[in-house]
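Chemist: Kindly return the folded structure for what I paste below:
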Amino acid sequence: MKRVAHSPRKTLSEIAERYGFGFTVIDGKTYWDESAFYEFTLEQIERDIEDPTNEIHGMLIAAAEKVINSDELLRKFAIPEGSWKTIRESWENDEPSIYGRLDLCYNGTGPAKLYEANYDTPTSLFEAAVFQWDWLESQFPELDQYNSIHEHLIGQWNLIRNHYGHKTAHFAAILDSVEDTFTVEYLMDTAVQAGYEVKLMDVRDIGIGKVKTGLFQNEVVFTDLDDNPIETLFKLYPYEHLLREEFSKHIKEASTQFVEPAWKSVISNKAVMALLWEMYPNHENLIEAYFLDDPKNVREGFVVKPFFSREGAGVIIPGVEQTAEEEEHGGYIMQRYTPLTKFEGGYPVIGSWVVGGEACGMGIREDDSLITKNTSRFVPHLIRG
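Modeler: Numbering: from 1, shown residues only. So this is what the prediction gives:
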């Protein structure tokens, strides 16, 4: 693994505009950064990224089952008791999911280590699936990239459509967010290619109704602004917020199929990192982690992470760095301090994508600090040798 300087495309702004990719620059700073790329060998990808990702995913599924079957663990994960039945039913019904992203620490010389699992609302998806592939084809058409994310997404939407027999899928997010809206619009495109009719809406506009005719006769259902029943709902909205809101109590009785399913709330919770270490101690792809009752009690050599931290929020590296915490933290874990390796451009973290339960590609985010945030640069990669 090495970082290689490279000249950005002269027509980058025009290419981004063609795709509708409107945030290559965030707050005046480069977000999409093709002034360099990361180079890997095929062996590094297969041995150190792809295979561990599939193994970690399997461990996460085993951890989810353990938590879902335990009142004690559900409570320890700070999951509201009123949502336990919803979560358990989604698990028992084997409700399929679309995607997740594992954030890995890797420098090319040893086993990749799991920092955390973003398994509910991960973003930087279009950048990994489409835009870095466009970069590769225009700059290095003779080389390859670890990237079949787009094809896997279409395949998984097709599986879900056939499983439930729904024709229409609604896609919801907080549409004030440019990044969230763009991510949802990209996922809508993959669903269309799988045969869905799609509708975009703000998550705040979802209503609750009782349909007397048609597909959902006499059943509670979520509705859009036109009072149309929502058959399948993809929501880019965190379960830790959703499950604390009034209308969440209707999920288990409604006919609407949620994507991601409610059971994903368990393994998008950073508490799972402490449970994984308990279940698989000293696993080469895991970082030592424990539950922590109070950040002031963190042991020397450990990092503090809130259960519900997103984009690095609330992470404390004692004596080094910390970020502002979100209001809802749930609880804390402490994780052995395992710093990223510094390359010439900063500290890169590997985002390894899982779609339909299978590892299928990656994206790299790079920051000047040790904590990866929502403004951290996205740098493309390629495979050579």
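Chemist: Count the residues that sit near residue 103.
Modeler: Neighbourhood size, residue 103 [other Cβ atoms under 10 Å]: 17. Placement of C-beta: from N, CA and C, glycine included.
Chemist: give the contact list for the most centrally placed residue in the chain.
Modeler: Centroid check for the chain by Cα atoms, centre = their mean gives residue 122 as the closest residue, at 2.5 Å. Contacts of residue 122 were listed using Cβ atoms under 8 Å, 6 or more residues apart in numbering, and they are 99-101, 351.
Chemist: in what helix or strand does it lie?
Modeler: Under the criterion of DSSP states H and E, residue 122 resides outside all helices and strands.
Chemist: coming back round to it: go through the contacts of residue 122 and flag which are in strands.
Modeler: Judged by DSSP state E, these include 99-101, 351 as members of strands.
Chemist: how about a markdown table for those, with neighbour count, pLDDT and distance to residue 202 added?
Modeler: A markdown table is the format used below for the ones in strands among the contacts of residue 122 (neighbours: other Cβ atoms under 10 Å; pLDDT from 0 to 100; distance: Cβ to Cβ, whole Å):
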| residue | neighbour count | pLDDT | distance to residue 202 |
| --- | --- | --- | --- |
| 99 | 26 | 97 | 21 |
| 100 | 23 | 97 | 24 |
| 101 | 25 | 97 | 24 |
| 351 | 23 | 97 | 27 |
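Chemist: got TSV for these, with distance to residue 201 too?
Modeler: As requested, the ones in strands among the contacts of residue 122 are exported to TSV (distance: Cβ to Cβ, whole Å):
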residue	distance to residue 201
99	20
100	23
101	24
351	27
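Chemist: Out of the contacts of residue 122, which comes closest to residue 87?
Modeler: Checking these against residue 87 with Cβ to Cβ, the nearest one is residue 100 at 16.4 Å.
Chemist: Where does pLDDT dip in the stretch 201-350 of the chain?
Modeler: Within the stretch 201-350 of the chain, the segments meeting pLDDT under 70 span 210-218, 310-313, 319-329.
Chemist: change it to 50
Modeler: Counting by pLDDT under 50, the stretch 201-350 of the chain has low-confidence residues at 216.
Chemist: which SS class is residue 16?
Modeler: helix (DSSP: H, G, I helix; E, B strand; the rest coil).
Chemist: Near it, how many other residues are there?
Modeler: Residue 16 sits with 18 neighbouring residues when counted by other Cβ under 10 Å.
Chemist: List the contacts of it.
Modeler: For residue 16, the contact set (Cβ under 8 Å, 6+ apart) comprises 22, 24, 32, 131.
Chemist: which residues in the stretch 201-350 of the chain form strands?
Modeler: 207-211, 219-223, 232-236, 257-259, 289-292, 302-306, 316-317, 321-322, 332-336, 347-355 (DSSP state E, counting those that start in this stretch).
Chemist: isn't residue 367 right up against residue 376?
Modeler: Yes: with contacts counted by Cβ atoms under 8 Å, residue 367 reaches residue 376, the gap being 4.0 Å.
Chemist: Mind listing the shared neighbours of these two?
Modeler: Common neighbours of residue 367 and residue 376, using Cβ under 8 Å, 6+ apart, are residue 349.
Chemist: Just want to know which of those two has more residues nearby.
Modeler: Counting neighbours by other Cβ under 10 Å for residue 367 and for residue 376 shows that residue 376 has the greater number, 24 against 18.
Chemist: out of the contacts of residue 122, which one sits closest to residue 112?
Modeler: When those are compared against residue 112 (criterion: Cβ to Cβ), the nearest one is residue 351, at 11.5 Å.
Chemist: In space, what's closest to residue 362 - neighbours in sequence excluded?
Modeler: If the residues on either side of it in the chain are set aside, residue 362 comes closest to residue 352, at 4.8 Å by Cβ to Cβ, 6 or more residues apart in numbering.
Chemist: tell me the contacts of the one you found?
Modeler: If a contact means Cβ under 8 Å, 6+ apart, then residue 352 has 49-50, 53, 101-104, 112, 359, 361-362 as its contacts.
Chemist: May I have the phi/psi pair for residue 43?
Modeler: With angles defined as degrees, to the nearest 10, residue 43 shows backbone torsions of phi -60, psi -40.
Chemist: repeat for residue 32
Modeler: Backbone phi and psi, for residue 32 under degrees, to the nearest 10, turn out to be phi -80, psi 110.
Chemist: isn't it right up against residue 134?
Modeler: No: judged on Cβ under 8 Å, residue 32 makes no contact with residue 134 at a distance of 11.0 Å.
Chemist: That'll do, ta.
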